[in-house]
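1. For reference, the sequence and a predicted model appear below.
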Amino acid sequence: MHRLLLTLFFLGLSAPTQADDKPNFVIIFTDDHGYGDVSAYHESDARTPNIDRIGREGMLFTRMRANCTVCSPSRAALLTGRYPDRVGVPGVIRTQPENSWGHFDPSVPTLADELKKAGYHTAIVGKWHLGLESPNTPNERGFDLFHGFLGDMMDSYTTHLRHGKNYMRRNEEVIAPQGHATDLFTQWSADYIKKRAAHPDQPFFLYLAYNAPHFPIEPPAEWLARVKQRAPQLDEKRASNVAFVEHLDDQIGRVLSSLDQTGLAANTVVVFTADNGGSLPHGQNNDPWRGGKQDHYDGGLRVPFMVRWPGHIQPGSRSDYAGLNFDLFPTFLELAGAEISADLDAVSLAPILKGGKIQGERELYFVRREGGPAYDGKSYEALIRGDWKLMQNDPWSPLELYNLSTDPAERHNVAAKAPNVFRELSDSLRRHIQRGGATAWQAKQN
């Protein structure tokens, strides 16, 4: 690229503008990261200057939600642009088959597949959580490079095992790296960015999926000591969470620095968001929303969401558009000039990023299937249309109805007071459930 620019200069020709180049894409996806644990949104005891920087230098979205209140379905939706039950992942895919509630449909193209067709190099660093074996390993689902963890969670951030087994991989190779997982994923991402800088003629897509701040809450000792010194009033659980988030934020800063140092930041779209809200039993913060992880109340669904693209997105801009994480799928394809399938459920955010608006009303659908005595393998759902939200918070409870414009804290169930709205949303919800039921969520048994 540099030679091309010099040649054009000496020939007296105009250099290609940045807009003529396909942008690079980086998604920084954190795990169980509460809306209240990002200081860009409101005052918080957790300080996140590097995450906040993405919103300050780009656009901060205030009404985005995750596609599910738990991990695997959110990730399946993000990578396919379709509701998770329509790609076989209504629940969590676990390392123990008897407690696994999804099978990622191998026939559905992923964002990595589509960007590869558009000429991109593709990589995932960090947590996969969409399958442990063929045909659902990352390299088989569109990623040129996988450097991370196949499983659902780690028993410890320093041993990296799950139920005593090692799921750390570099592509198909089993690896046993030393160090805190957050530090490792950061270093591997920085290394990848530096390598891509040596190939300026090929754009790249990096999906950086941290498993922090998912429990177990394990901040490095020096980070915890720093928080305790600064905020001695915090109890042990909360101090550990704050330190965990601040260590994660520091590492995100290192990733941003690698883009700066390589000169790639100017033509790279960086997105920060999370797979679902924080876990209340583990001391995470979803303020000001009700509930947390596993809930269909907004504490489980509302997530931080911000996008930076220098020279294209107005710094310090904000959007109150109510969308979902998987809207990144068609957004990236549109910005890359790639073809967008009509089969997607997601909506491109590109008009908003360019200073415009998205016209028309849409429905937002949520589903989660889970096992154990609290769920018995059954699913529960939610639907948002405009200001109205219809939801269950477990398979056994009656549907609840909230008007989010007058009751954003979801304290007053008005199902009995708005029977027409209740009936209309219930009818629509059933149609969504029927569509999801057409896709198998368990692999065929031999």
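-> Thanks, I have the structure now.
2. The lengthiest helix in the chain packs against which elements?
-> Ordering each helix of the chain by length in residues (DSSP state H) puts helix 236-262 first. Under the contact definition 3 or more C-beta pairs under 8 Å, 6 or more residues apart in numbering; DSSP states H and E, helix 236-262 sits against strand 24-30, helix 49-56, helix 181-197, helix 221-230, strand 268-274. Yep, even glycine has a C-beta here, placed from its N, CA and C like the rest.
3. 10 Å - rerun?
-> Packing partners of helix 236-262 (3 or more C-beta pairs under 10 Å, 6 or more residues apart in numbering; DSSP states H and E): strand 24-30, helix 49-56, helix 181-197, strand 204-209, helix 221-230, strand 268-274.
4. Any stretches of the stretch 251-400 of the chain with poor pLDDT?
-> Applying pLDDT under 70 to the stretch 251-400 of the chain flags no residue at all.
5. so Tyr297 makes contact with Glu400?
-> Yes - using C-beta atoms under 10 Å, Tyr297 is in contact with Glu400, at 9.2 Å.
6. follow-up on the earlier one: closest one to Arg368 among the helices and strands packed on helix 236-262?
-> strand 268-274 (16.1 Å; C-beta to C-beta).
7. who does that closest one pair up with?
-> Within its sheet, strand 268-274 is paired with strand 24-30 (parallel), strand 305-308 (antiparallel), according to DSSP bridges.
8. who touches the residue nearest to Leu301 when sequence neighbours are not counted in this structure?
-> Distance criterion C-beta to C-beta, 6 or more residues apart in numbering; nearest residue to Leu301, sequence neighbours excluded, is Arg65 at 4.3 Å. Contact analysis of Arg65 by C-beta atoms under 10 Å, 6 or more residues apart in numbering lists 35, 74, 273, 276-277, 298, 300-303, 305, 322-325, 364, 366, 382, 384.
9. please redo it, this time with the cut-off set to 8 Å
-> 298, 301-303, 322-325, 364, 366 (C-beta atoms under 8 Å, 6 or more residues apart in numbering).
10. May I see those residues arranged in a markdown table, with secondary structure and distance to His282 as well?
-> Below are the contacts of Arg65 laid out as a markdown table (DSSP: H, G, I helix; E, B strand; the rest coil; distance: C-beta to C-beta, whole Å):
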| residue | secondary structure | distance to His282 |
| --- | --- | --- |
| Asp298 | helix | 19 |
| Leu301 | helix | 18 |
| Arg302 | strand | 18 |
| Val303 | coil | 16 |
| Ala322 | coil | 27 |
| Gly323 | coil | 27 |
| Leu324 | strand | 24 |
| Asn325 | helix | 22 |
| Leu364 | strand | 26 |
| Phe366 | strand | 22 |
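11. Can you show me the helices along the protein?
-> Under DSSP H, the chain gives helices at 2-11, 49-56, 71-80, 111-117, 181-197, 221-230, 236-262, 298-301, 328-335, 350-353, 419-436.
12. Now render those helices as a markdown table, adding distance to Val174.
-> Shown next, in a markdown table, are those (distance: least, C-beta to C-beta, whole Å):
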| stretch | distance to Val174 |
| --- | --- |
| helix 2-11 | 39 |
| helix 49-56 | 32 |
| helix 71-80 | 22 |
| helix 111-117 | 22 |
| helix 181-197 | 15 |
| helix 221-230 | 29 |
| helix 236-262 | 24 |
| helix 298-301 | 34 |
| helix 328-335 | 31 |
| helix 350-353 | 40 |
| helix 419-436 | 35 |
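13. returning to what we had before: I'd like the distance from the longest helix of the chain to the chain centre, please.
-> Its chain's average C-alpha position is 17 Å from that of helix 236-262, according to C-alpha atoms, centre = their mean, to the nearest Å.
14. what's the angle between that helix and strand 24-30?
-> Interaxial angle, helix 236-262 versus strand 24-30 (axes from the mean of the first three to the mean of the last three C-alpha atoms, to 10 degrees): 170 degrees.
15. Excluding residues flanking it in the chain, which one is nearest His214?
-> Leaving aside its sequence neighbours, His214 sits nearest to Asp31 (C-beta to C-beta, 6+ apart; 4.0 Å).
16. hang on, isn't Pro304 packed against Tyr35?
-> Yes - between Pro304 and Tyr35 there is a contact at 5.9 Å, judged by C-beta atoms under 8 Å.
17. list residues touching both of those two?
-> Counting by C-beta under 8 Å, 6+ apart, the contacts common to Pro304 and Tyr35 are Tyr41.
18. Please name the residues that touch the closest residue to Thr48 other than its chain neighbours.
-> With C-beta to C-beta, 6+ apart as the criterion, Thr48 has its nearest non-adjacent residue at 4.3 Å, and that residue is Asp249. Contact analysis of Asp249 by C-beta under 8 Å, 6+ apart lists 47-51.
19. Buried ones among the residues you listed?
-> 47-48, 50-51 (16 or more other C-beta atoms under 10 Å).
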